[in-house]
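Visitor: Requesting a structural model of the entry that follows:
(chains A and B)
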Number of protein chains: 2
Amino acid sequence: MPPEEFRRWGHEAVDWIASYLRDVGEYPVSPSLRPGDLLRALPSTPPESGEAFADVLADYRDLIVPAVNHWNHPAFFGFFPSTGSAPGILGEMLAAALNVNTMVWTSSPAGTELEQLTTDWLRQLVGLPEGFEGVINDTASSSSLYALAAARERHVPEAREQGLGAAPRCRIYASEQAHSSIDKAAITLGLGRAGVRHVPADEEFRMDVGALRAAVREDLGKGVRPVAVVATLGTTSTASMDPADTVADVAEEHGIWLHVDATYAGPAAALLERRHLFQGWERADSVVINPHKWLFTPVDCSLLLCRRPEWLRAAFSLTPEYLRTVEDGGVKNLMDYGVSLGRRFRALKLWFILRYFGVEGVRARLRGHIALAQGLAEQVQREAGWELVAPVHFGTVVMRYAPPGEDPEALDRMNAAILERVNKSGEAFLSRTVLRGRVAIRLAVGNLRSTRAHVERAWELLRAAAREAEGELAA
Amino acid sequence: MPPEEFRRWGHEAVDWIASYLRDVGEYPVSPSLRPGDLLRALPSTPPESGEAFADVLADYRDLIVPAVNHWNHPAFFGFFPSTGSAPGILGEMLAAALNVNTMVWTSSPAGTELEQLTTDWLRQLVGLPEGFEGVINDTASSSSLYALAAARERHVPEAREQGLGAAPRCRIYASEQAHSSIDKAAITLGLGRAGVRHVPADEEFRMDVGALRAAVREDLGKGVRPVAVVATLGTTSTASMDPADTVADVAEEHGIWLHVDATYAGPAAALLERRHLFQGWERADSVVINPHKWLFTPVDCSLLLCRRPEWLRAAFSLTPEYLRTVEDGGVKNLMDYGVSLGRRFRALKLWFILRYFGVEGVRARLRGHIALAQGLAEQVQREAGWELVAPVHFGTVVMRYAPPGEDPEALDRMNAAILERVNKSGEAFLSRTVLRGRVAIRLAVGNLRSTRAHVERAWELLRAAAREAEGELAA
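Guide: Purely as a prediction, here's the structure:
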């Protein structure tokens, strides 16, 4: 495409994006299509000849956009929030134009050094001490996989050469509320699902450290080798906070790698009034925080901070001849810190975002989200028939419609029906979880564009859906 | 950032990108800065208050761009080519604006179904039969890791639950020319480096299938369990082609998973006159091809085609309650096919590219690159003192300055000096490898903007550098 043609379509795309960012709140949050509808609307074979870009863009508008679940919508409250902020979109545009691959310093000096810089800025933002070295991965699943690979390298150093066949049984400890990526990492690393011991959580969904301590001792007595303890700061179901400080005591006592999964809640440590909830995470060997969750960064961008980066390198460094460069001696080659050799210039968007918002701008927005969530939580607590299932520390509110006297399984079906009804309205999108065996509804505030009105409307929809669901089930 | 402010900076960014795409050939390919220069030019702490975006963009232009190694430059011939084509950049812009996360169908119906569609278009483009199911990963390192995890799942099914502690010794077979990502995958999967047996290659750097067969038999005799055979179609050092058909014979004979690493060369199977080189890859269980290498797609975009997707799902599927959706029964949830839960809407750029260029447009450009490389190869062969180290099947030319009578180690130093001199010129960027213990220079053609003039200038620079290096070493 000649540069002048790019200029034309680029301007058209920017105008579309600007209007989209302005109007996204007027779209249905999630589409009403059925599985397969989009596939059936598109040709099943690639075109022989190139097509006019005007036609491609028209199909984008007419076919793709109506099939999108709008994560950038101010009433998208499902899963965890992720905002594609304007400075982040500008960063992605320019990164795609440069198209550098930040695998070694030589292949992208700017990519490598800006990644060093922005990851250190983030470390400072959340108040972690010097000594943590940062790299950016695609997702928290990868960041936790790499951190646990480093832990395996430290505790089972023979694995790198000989594999796990000759190693003793190994164990990773995490709460029963830990993210599934920990189990996936254990499977991937050859430790197996049985390689993760899920420690019970207390009534507020925090890891029971007494149970952790007992589990480690029991395993040690049986010759099982502890590899890592995972403390989750901001669990996926309820955003509960494991007591990192006492978890760190256990990890230190036994010399076990401590990995902190602060994927969601990490940015909130920027708020001095919330930092006490993170107490102890500074003792971790590794910490993961996702700017693409609650820091206004388009997917993907996951920060892995590591206080023992030498173990990441020990696990992953392999420099074949075709990747050797004259600079190798004195530089950081980011390919040495994980599986992926190819690496996008993700630091650019993060740098744009941190500069555009500034530390105070980030804090003000996070405080705003927490206030919205806490306001909703108070309403839920006051509303007859509804209950708040977990304390609200951040932007995530977990609730359940549970009028007294109903059968718990009927209530599960009713909560599922409420969620489905709200999501089908197109006015808000929420997701679900199961806690103590019972279905609960999650509403996660964190999009830059969400206002009190969006949260209040969602709450109206939930209450209306509850009345209707109750009527239907009774009928 | 208000949408109208985005509109302003978006237009400014598009103008910058259009001019960059027009003028990139006039930039020095690689920057002259030293390690740490960029870090020293930037503030080490994040700003307290937000900054004007005009200042951010000015710093981008004044500080970042001069520190970039320009992969989009028409004289970037290092590593493997990667073009951020204009339709690809437009796709990245719009994907960042939508900012969907394609982890489950519900979270992004358009992302999920367009990924099914475009990966099938690619399958058709390269002539693989129906039955291969595609997913897009960030990089080939991830794609091969996931494929080999599926192979491990099939051959060592107990590993998912119990880990590898109780498993017999396992082995992956790959040629000595296979990519380092295979070793990295073996380390990650807990098979260890010893879990990869590197089979010798022949004089044209193709796997010696007789040696493969003997290695498998020897291992079986010792109770070692074969997990996968990797055939590389387009090795990193020389773009050599393992004989996939006879490799497939061995894999089938013993029922071993066959993974084909066609990361680089895969797109060339779109050319009917080249397809014979790929003969047998249709018998693979999994194939990786990177559109972000030789298919004009901005990083990252790696296609994993799998004829046994049930084994990928068996290895990786884990659906916690907070990811369950009402649609789960009848849909494809892409998180089930690998480690990363979060997934960008990468199919959008690929769809734009395949539609804009069309099958014939892709073919014409690949043919052009191959012609440029073969033209250079002929010149290298004719030039006194220079030798072509490997046959040229695609866009990659591997050469060595080796005038007769010189000591091989002095020649190694001389070739390293030649490469360094050319790269320092800023007029071209090449990379290196080592073959049969000797340093060689790689020049990989594949950028959309590369012309005969760019390749000829690089060749002039190489010859001039050789004369100068010889003079210096003699002095």
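
Visitor: which residues touch the residue of the stretch 151-300 of chain A found nearest chain B?
Guide: Relative to chain B, the nearest point of the stretch 151-300 of chain A is residue A:190 (2.1 Å; CB to the nearest CB). Using the backbone N, CA and C atoms, a C-beta is placed for each residue, glycine as well. If a contact means CB atoms under 8 Å, 6 or more residues apart in numbering or on different chains, then residue A:190 has A:159, A:163, A:164, B:152, B:159, B:163, B:164, B:189, B:190, B:191 as its contacts.

Visitor: One more: residue A:281?
Guide: Applying CB under 8 Å, 6+ apart, the residues contacting residue A:281 are A:128, A:231, A:233, A:244, A:248, A:260, A:262, A:269, A:287.

Visitor: These also near chain B: which ones?
Guide: Within the set of these, contact with chain B (CB under 8 Å from any CB of the partner chain) is found for no member.

Visitor: I'd like those residues as CSV, with neighbour count appended.
Guide: Output for these, formatted as CSV (neighbours: other CB atoms under 10 Å in any protein chain shown):
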residue, neighbour count
A:128, 24
A:231, 33
A:233, 28
A:244, 25
A:248, 22
A:260, 30
A:262, 27
A:269, 24
A:287, 31
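
Visitor: if we can go back for a sec, and the residue lying closest to the residue of the stretch 151-300 of chain A closest to chain B once chain neighbours are set aside, how far from residue B:148?
Guide: The shortest distance from residue A:190 to any residue other than its chain neighbours is 2.1 Å, reached at residue B:190 (CB to CB, 6 or more residues apart in numbering or on different chains). Counting by CB to CB, to the nearest Å, the gap from residue B:190 to residue B:148 is 11 Å.

Visitor: now do residue A:302
Guide: Computed as CB to CB, the residue A:302 to residue B:148 distance reads 23 Å.

Visitor: what do you get for residue A:282?
Guide: Applying CB to CB, one obtains 37 Å for the distance of residue A:282 from residue B:148.

Visitor: More neighbours: the two, which one.
Guide: When residue A:282 is set against residue B:148 and neighbours are counted by other CB atoms under 10 Å in any protein chain shown, the residue ahead is residue B:148, at 27 against 19.

Visitor: Please point out which parts of the helix or strand of chain A with the lowest mean pLDDT sit buried.
Guide: The helix or strand of chain A with the lowest confidence, counting by mean pLDDT, DSSP states H and E, is helix A:452-474 at a mean of 92. By neighbour count with 16 or more other CB atoms under 10 Å in any protein chain shown, helix A:452-474 contains the buried residues A:454, A:455, A:457, A:458, A:459, A:461, A:462, A:463, A:465, A:466, A:469, A:470.

Visitor: likewise stretch A:404-412?
Guide: Residues A:411, A:412 are the ones in stretch A:404-412 that count as buried (16+ other CB under 10 Å).

Visitor: As a check, name the ranges of all strands in the stretch 1-150 of chain A.
Guide: Secondary structure of the stretch 1-150 of chain A by DSSP state E, counting those that start in this stretch: the strands cover A:133-137.

Visitor: What of the stretch 251-400 of chain A?
Guide: Listed from the start of the chain, the stretch 251-400 of chain A has strands (DSSP E, counting those that start in this stretch) covering A:257-261, A:286-289, A:302-306, A:386-388, A:396-401.

Visitor: looking only at pLDDT, what's the mean for the third one?
Guide: Spelled out, it's strand A:302-306. In this model, strand A:302-306 carries a mean pLDDT of 98.

Visitor: How about residues contacting that strand?
Guide: With CB under 8 Å, 6+ apart as the test, strand A:302-306 has contacts from A:119, A:122-123, A:128, A:132-140, A:142-143, A:146-147, A:150, A:263, A:266, A:285-292, A:312, A:337-338, B:342.

Visitor: Direction included, what does that strand pair against?
Guide: Here strand A:302-306 has these sheet partners by DSSP bridges: strand A:133-137 (antiparallel), strand A:286-289 (antiparallel).

Visitor: Could you dump these into a markdown table and include mean pLDDT?
Guide: Rendered in a markdown table, the data for the strands paired with strand A:302-306 read as follows (pLDDT from 0 to 100):
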| stretch | mean pLDDT |
| --- | --- |
| strand A:133-137 | 98 |
| strand A:286-289 | 98 |
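
Visitor: Any idea how far the top helix by length along chain A is from the middle of the chain?
Guide: Under DSSP state H, the helix in chain A containing the largest number of residues is helix A:347-382. Relative to the chain's own centre, helix A:347-382 is displaced by 15 Å; criterion: CA atoms, centre = their mean, to the nearest Å.

Visitor: how much space between the nearest residue in space to residue A:270 that is not next to it in sequence and residue A:397?
Guide: In this structure, residue A:270 finds its nearest non-sequential neighbour in residue A:125, 4.9 Å apart by CB to CB, 6+ apart. Between residue A:125 and residue A:397 the distance is 25 Å, computed by CB to CB.

Visitor: more crowded one of these two?
Guide: Counted by other CB under 10 Å, residue A:125 and residue A:397 do not tie: residue A:397 has more neighbours, with 29 against 20.

Visitor: which residues touch that one?
Guide: Residues A:373, A:376, A:377, A:380, A:388, A:442, A:443, A:444, A:445 are the ones in contact with residue A:397 under the rule CB under 8 Å, 6+ apart.
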